[in-house]
Structure formats: structure tokens, C-alpha cells
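Chemist: pasted the sequence and its predicted model underneath.
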Amino acid sequence: MSNLDKNIEKIRNEILAENKIPEHIAIIMDGNGRWAKKRKKPRIFGHNEGINSVREVVEECGKLGVKYLTLYTFSVENWGRPQQEVTGLMQLLLRTIKKEVDELNRNNVKLSIIGRIDDLPEKPKKSLLDGVKKTSLNTGLNLILALSYSSRQEILDGIKKLVSEYNEKGMPLDDITEMDFSRSLYTGSVPDPDLLIRTSGEMRLSNFLLWQLAYTEFYITDVLWPDFRSRELFDAILDYNKRERRFGKTSEQITKDKG
């Protein structure tokens with residue numbers, strides 16, 4: 001084992017010993033294009049290298065016992081990028097799913113999709129749905145890919161779904177609760193993220209999980225996504241472990257509740 005591997009294992013064990021692993025981590029994977037541009041390569045080169053970061057982060061989350069990992073993979077707005085890049089991204093998605101799904105299955109990872117998957121080309125869509133089906137009984141890490149995803153659209157879809165259900169049952173809309181609304185979202189069966197990581201130093205949510213991130217801890221790093229690996233993930237979790245999550249209460253109340 002190399003010194004780097006030994007150091008990674010040491011930090012992993014320290015995090016596990018603290019027993020403060022976020023149940024749900026969400027990541028805005030940003031900076032692929034800039035990473036490629038710095039190397040005078042096409043943008044798709046950065047996206048391709050970013051797959052290696054995804055692979056390592058998924059593997060590490062599995063080792064740490066993270067239950068949910070949501071990756072902002074492709075937004076509704078991304079369809080507006082140059083056609084060559086969009087086509088390249090769809091081809092990369094197809095190749096990656098075909099290549100990785102068996103490994104995910106062997107590692108007991110359950111694959112899930114949120115977003116408007118019907119917007120995707122037929123081949124990537126079928127490959128993704130096959131992967132979801134193949135891993136559906138797995139009980140380890142739930143890997144959630146946000147594809148053709150828009151949080152504003154998700155909220156609108158949730159409102160329409162909830163109003164339709166209440167009207168059908170003849171129930172007054174005033175009876176709708178926050179919990180009812182949360183259940184109507186694409187993430188209805190998933191707890192809200194504990195930790196949001198955004199790479200490349202950008203300070204915005206980019207239409208990602210707007211409702212679900214209300215009390216999530218944010219971690220922003222200047223590291224570009226293709227350079228984000230196990231050590232960077234550990235840094236984010238170690239920083240998260242220093243936070244006091246009060247959910248509107250005072251520190252004294254939190255301490256009393258724990259006691």
C-alpha cells in the first residue's frame with residue numbers, strides 16, 4: 001500500500017470513528033469544462049475525466065456508510081449548451097452506465113433517477129432504466145442521478161400532483177402540510193440532504209433541490225470536479241462534522257435535547 005493510500009485509509013478510519021457520517025450528501029459537480037480548458041482540451045475531455053471522480057466518490061461513500069448520494073448530472077438548462085457538447089454528454093452517459101452498472105450491482109449500490117428522464121435520447125434512457133431495475137433490490141448506497149433535472153419544474157410538478165390528489169379525494173387544500181408536499185416531489189421517499197458540496201468555487205444553487213436544501217449544510221470548494229477525489233470528500237465531511245445543526249433552535253436547546 002502506498003503512503004497516499006495509507007493516508008487515505010487513516011483519514012477514513014478517523015471519520016468512521018467519529019460516527020458522524022452525513023446520511024445524505026448532494027453534489028453539484030462543477031468545473032469540468034474549465035478543467036479541460038486549462039489543458040487546452042475540448043470540454044468533453046473534462047466531463048470524461050469527471051467520471052473518474054464520480055467513480056471514486058461513489059466507492060468512498062459506500063465505504064463510509066453514506067446512505068444517499070445525489071449527483072447533479074445534467075440539468076434542464078444544460079440542453080441549451082452547444083449541440084456537439086450535448087451529444088457528447090449523452091454518448092458519455094450511455095457508455096458510462098453500460099460500463100459501470102455491473103460494478104454498482106456488485107457493490108450493493110442502488111441506482112435511482114430524478115428528473116424528466118423522458119427528455120433523454122432513447123438509448124441512454126433505456127440503459128439507465130435497465131440499471132435502475134437491475135440494482136433495485138440492493139440495500140447499500142442509494143446513488144441518485146439528477147438528469148434533465150430542474151428544481152423549479154419539480155416543485156411545479158409536485159404542486160400539480162398534490163392538488164390533483166386532494167381534489168380527487170375531495171379534501172380541502174388548506175389541509176396540505178409541508179410533509180405532504182415533500183412526499184409529492186421527485187425525492188419523496190428520500191430524506192433531505194445533510195451536506196451539499198459544490199465544486200469549482202461557484203456560490204449558487206443552479207436550480208438544484210431548492211426545497212430540499214432548506215437546512216442543509218453547504219460546503220464550497222475551489223477544486224474543479226475532475227480533481228475532486230477521496231481526500232476532497234473527506235475534507236468536506238470533516239468540515240461538516242464541525243458544524244452545529246440547530247434547525248432554528250439555540251445551542252442550549254440542542255445540548256439539552258441531546259442530554
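Modeler: Right, received. Where do you want to start?

Chemist: just the element for Leu210, please.
Modeler: Per DSSP states H and E, Leu210 falls between elements, in no helix or strand.

Chemist: quickly list what the spatially most central residue of the chain is bridged to.
Modeler: Of all residues in the chain, the one closest to the mean position by CA atoms, centre = their mean is Thr70, 1.8 Å from it. Following DSSP bridges, Thr70 is listed with bridge partners Ala26, Ile144.

Chemist: would you check how far apart it and Val57 are?
Modeler: As for Thr70, its distance to Val57 is 12 Å (criterion: CB to CB, to the nearest Å). Backbone N, C-alpha and C define where each C-beta goes, glycine included.

Chemist: quick one: the strands in the stretch 151-259 of the chain, in order.
Modeler: 195-198, 217-220 (DSSP state E, counting those that start in this stretch).

Chemist: what sits up against the longest helix anywhere in the chain?
Modeler: Assignment by DSSP state H gives helix 83-106 as the longest helix of the chain. With CB atoms under 8 Å, 6 or more residues apart in numbering as the test, helix 83-106 has contacts from 43-44, 47-48, 51, 55, 58, 73-74, 78-79, 111, 120-121, 123-124, 127-128, 130-131, 134-135, 138, 143, 147.

Chemist: restricted to helices, list those.
Modeler: Checking the contacts of helix 83-106 against DSSP H, those in helices are 43-44, 47-48, 51, 55, 58, 123-124, 127-128, 130-131, 134.

Chemist: where does Lys20 land in three-state SS?
Modeler: coil (DSSP: H, G, I helix; E, B strand; the rest coil).

Chemist: what number of residues lie near it?
Modeler: 14 (other CB atoms under 10 Å).

Chemist: one more: the one 4 residues further on?
Modeler: When neighbours are counted by other CB under 10 Å, His24 registers 21.

Chemist: same thing with Leu205?
Modeler: 15.

Chemist: which residues touch it?
Modeler: Per CB under 8 Å, 6+ apart, neighbours of Leu205: Ile28, Ser151, Leu213.

Chemist: separate out the buried members of those.
Modeler: For the contacts of Leu205, a burial check counting by 16 or more other CB atoms under 10 Å picks out Ile28, Ser151, Leu213.

Chemist: out of the residues you listed, the closest to Asp175 would be?
Modeler: Asp175 has its nearest neighbour among those in Ser151, at 24.8 Å by CB to CB.

Chemist: mind checking how far the closest one is from Ile176?
Modeler: Distance from Ser151 to Ile176, counting by CB to CB: 19 Å.

Chemist: what comes up buried for stretch 136-154?
Modeler: 138, 140-151, 154.
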